[in-house]
Each structure stands twice: as structure tokens, then as C-alpha cells.
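*Asks:* kindly generate the corresponding structure for this input.
(one chain, ligands or ions: 2)
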Amino acid sequence: MALSASDLELLTKFERGLDPQHPERSTIPARILGYGEISTVFEIDADGLRDFAFKRLPLFYNANEVEKYTTVHAEYNRLLENEIGIRLPSHDCAIVSNSTGRPIVYIIQKKLPAAAIGNRTIHTLAHDQILTLVKRVLHELNKVWEFNRRQTRAQVGIDGQISNWVIDSNDESLLYVDTSTPLFRIDQVEQLDTELFLRSAPSFLVWILRWLFLKDVVNRYYDFRLVAVDLVANFYKEQKPELIPDVIQVVNDFFSSLNIQSITEKQVNDYYKEDALIWSLYFNMRRVDRFLHTRILRKEYPYILPGKIKR
Ligand SMILES: Nc1ncnc2c1ncn2[C@@H]1O[C@H](COP(=O)(O)OP(=O)(O)O)[C@@H](O)[C@H]1O
Ligand SMILES: [Mg+2]
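*Replies:* Residues are numbered from 1 along each chain as shown. Ligands and ions are numbered 1, 2, ... in the order given. Predicted structure coming up:
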């Protein structure tokens, strides 16, 4: 998949006209499909662009950083698709420069129907179908750890959250969408520059985030049990706590067949409380930082922040 030259021009126009504080008021109208830790996902209302989801990464200071990131991103996609056997929507990358000359990376994917995305489907599927979905997500995730066991040099991490999986309407198979954080290690060396995660953090927090969380947050994606705990905890976040005991049962049945130690409801609870606390603190600090930038210092604030997140 590749954007045509005219579509790329349109995307540049979109970027130049984007109001990060009010995306809906941009020159070319856009709607936000999702917020991430480092990206914002848009659909853009313009001929030629409507079929795509655009993941905007405003993190880079220069072409060298962009080059490194896009290389790692392409290799992560290749590993998932070709070596591990996880399906991705068709994808591409585009680099445009914004009005101040900074390079902005857009990961472009075929846009998938909102109703088929995991965190939506768990509100529409029947109880048994939800448990089947969880089982199938675990099956997909296990491909990563099977790959990791086969390897001596490469180790791949993945974010198993329910919102990262989309049910393909053609054959019910699962597609994985969350490739913007391409985590894999070669000979123990993280290939992604994880300092990029800290770019959008307020400068007054960077040192403490680096010191307290960065390693833990990154390591979590390489541990099947922790990825599963995170997946289960999503059911709190998605306001479906009543499903948690059954979802844990599904995870533990799956794990027992693999000889992986089971997880407990307490672990999920503790994790969720801690995770929710960390992220709400973090987002509040980012709002403070945005306020400082835009109102007090009158500087550009390039990041797009979600409103209050219900947890
Ligand atoms: N290809 C896509 N088509 C439609 N919606 C998407 C697509 N990719 C992502 N989204 C939406 O945006 C959300 C966040 O995207 P994701 O790639 O998981 O990034 P992150 O979690 O880092 O923000 C997804 O949960 C989904 O709702
Ligand atoms: Mg995601």
C-alpha cells in the first residue's frame, strides 16, 4: 500500500492546517479514532484519504531520528507478518513536514470498521463470544512467544490490549493494529529509541519517568503473563468488570496448557489501580504542561491530548 503523490500533498495540507488543540477545527476536517501514549489516530475527511487511518507521531526532531524510527517500524511489521504470522491491516508510512519544518511521521493503515474493534465488540458480542475472542487473542499473542522461544537473537514485544485487535468481517480472523510502538530486541538491545516515549512528557517529569517507569513499562510487553494481566484489566477500563472472573478463567486455562503460572484477580486489580493512577497522573501533568506552553510561555505545543478518560 502506498499513498499517491497527490494524496501525500493532501496529507501535508492536513498537517499544516491541523490545530492540535482542536482537530475538528482544522483546515481539512478530521476525526480522532483513538489516542495513544505517543500517537493520535485520525480519519481525514478528504477524497482519497477516507479509506485510511492515520497515526500521527509528532515526536521527531530531525530526519535521522525519522529514518531510524521508520526502519524499526518496518522491521517490526515484517516480523509480525512474515515471521510470527500475525495479520496486520495493509500499511505504509509517510513523512511530512509541519509548518515549523519539523518532520511528522504518519503511519497509515487501511481503516477498519469501528464496530469491529475489540473494545467496541465486547459491548456488542454475547458473553460466550467475548470469551472466545479473548481465547483467540491469547492464541495470536502466543505466536509471539513461540517465535521468541525459537529465537536466539531476536525478541519481540507486543501490546495485547483488546483495543488493538480487530475482527475481520470476511473470515472472523483477527487483525492487529497497534504497530506505532515497535518493540523488539536484537541481542538484548532494544531497537526502538525508547526515549521517544518521553518526548511528549512534560520536561519537569522526564527524569522521574525515565527512572521509575520506562524500563518497567517496556519490559512488560515482553512478558506473556503481564501482557495477559493488562488484557484482563482492560475489562475494567471498558466498564465490563463483571466479565473479569470468566476472562481470568480463560487466560488460566490457556496458560495451564502452556505450563505458564496462572494469574489472579488480585493481581489484575492491583495492576489496574496502579496503571490507572500512573496514567491519570501522567495525563494531568501533561495538561499542566500544555497550559504552561500555550498560555504562559506562548510556545508551540505539538501534542494532542485526550479529554478526561473514564476509567
Ligand atoms: N487501522 C485502523 N482502523 C480503524 N481504527 C483504528 C485503526 N488503527 C487504530 N484505530 C483506532 O485507534 C485506536 C488506537 O490505535 P493504536 O494503533 O492501538 O494506537 P495506540 O494504542 O498506541 O493509540 C485503536 O484502538 C482503534 O480504535
Ligand atoms: Mg492501542
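
*Asks:* from now on I want contacts and neighbour counts done on CA atoms only, so please keep to that.
*Replies:* Will do.

*Asks:* leaving out the residues flanking it, which one is nearest to Arg153?
*Replies:* Asp187 (4.9 Å; CA to CA, 6 or more residues apart in numbering).

*Asks:* got any ranges where this structure has weak pLDDT?
*Replies:* 37, 308-311 (pLDDT under 70).

*Asks:* can you list the residues of it near ligand 2?
*Replies:* Asn164, Asp178 (CA under 5 Å from the ion).

*Asks:* which positions in the chain make contact with ligand 1?
*Replies:* Contact residues, the chain versus ligand 1 (CA under 6 Å from any ligand atom): 33-37, 39, 41, 53, 109-114, 163-164, 177-178, 180.

*Asks:* got the phi and psi for Val96?
*Replies:* Per-residue torsions, Val96: phi -130, psi 150 (degrees, to the nearest 10).

*Asks:* kindly report the same for the one 3 residues further on.
*Replies:* Note on Ser99: backbone dihedrals following degrees, to the nearest 10 are phi -60, psi -20.

*Asks:* surely it meets Asp19?
*Replies:* No: contact criterion CA atoms under 8 Å: Ser99 and Asp19 do not qualify, at 11.2 Å.

*Asks:* which residues sit in contact with Lys143?
*Replies:* Ile84, Gly85, Ile86 (CA atoms under 8 Å, 6 or more residues apart in numbering).

*Asks:* report the buried members of these.
*Replies:* Ile84, Ile86 (16 or more other CA atoms under 10 Å).

*Asks:* closest one of the contacts of Lys143 to ligand 1?
*Replies:* Ile86 (14.5 Å; CA to the nearest ligand atom).

*Asks:* so how far is Tyr76 from the closest one?
*Replies:* 11 Å (CA to CA, to the nearest Å).

*Asks:* so how far is Pro306 from the residue of the stretch 1-150 of the chain found nearest ligand 1?
*Replies:* Here the stretch 1-150 of the chain gets closest to ligand 1 at one residue, Gly36, 2.7 Å apart by CA to the nearest ligand atom. With distances taken as CA to CA, Gly36 is found 9 Å from Pro306.
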